[in-house]
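> could you look at this predicted model? Sequence included:
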Amino acid sequence: MYRSFILLILIATAFRPAFAPRVGGVAGTWKRTAMTLVESNGKATDMMQMMTRSMPCTKDVTYTFMSDGKMKTNVPDACGSMKKTIESMSVDAHWSISGRKITVTSSMKEFPEAVYDVSMQGRTMTWVFTYADNPKSPNPTKAERLTTVYERI
């Protein structure tokens, strides 16, 4: 179950203070540097560490957000057979931004539209996915939120 959840989180992330991001600020290639899942009881789990432990190549996955709203997940060859699977999940993914919210959509039924709070500071972009705000998203652990931090590369 955790492996499936980790894969789901890896894909869902096709996602702080300062200013409201804009399309030009998000467009580009990013590498995930941290991911923390907070359960409803307040317990925090370092999902980045868990994913890296079970699938070391995930630390080198990058995400490209194009200015036309398309997005692409770039998976290293070291991921073996998972490379094609993971990359195929973002083939038709799109993103858009409005104020401090970024929305990711896909035609895959397993991945409903996801809305994140987004903030940027320098070369760091932070996405906060709140499960209560995304009731159609799978939530097997009954988590409260997932915070993902990206670094521009």
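Sure, I can see it.
> just confirm residue 64 is within a strand.
Yes. Assigned with DSSP: H, G, I helix; E, B strand; the rest coil, residue 64 falls within a strand.
> could I get the contacting residues of residue 147?
Shown in contact with residue 147 (C-beta atoms under 8 Å, 6 or more residues apart in numbering): 34, 35, 36, 38, 126, 127, 128, 129. C-beta here means a position set from N, CA and C on the backbone, and glycine is covered the same way.
> let's see it at 10 Å
16, 34-38, 44, 47, 116-117, 126-130 (C-beta atoms under 10 Å, 6 or more residues apart in numbering).
> got it, and residue 62?
29, 30, 31, 32, 72, 73, 74, 75, 76, 150, 151, 153.
> are any of the contacts of residue 147 buried, and which?
35, 36, 37, 38, 47, 116, 117, 126, 127, 128, 129, 130 (16 or more other C-beta atoms under 10 Å).
> from residue 26, how far off is the last one?
Here residue 130 is placed at a distance of 19 Å from residue 26 (C-beta to C-beta, to the nearest Å).
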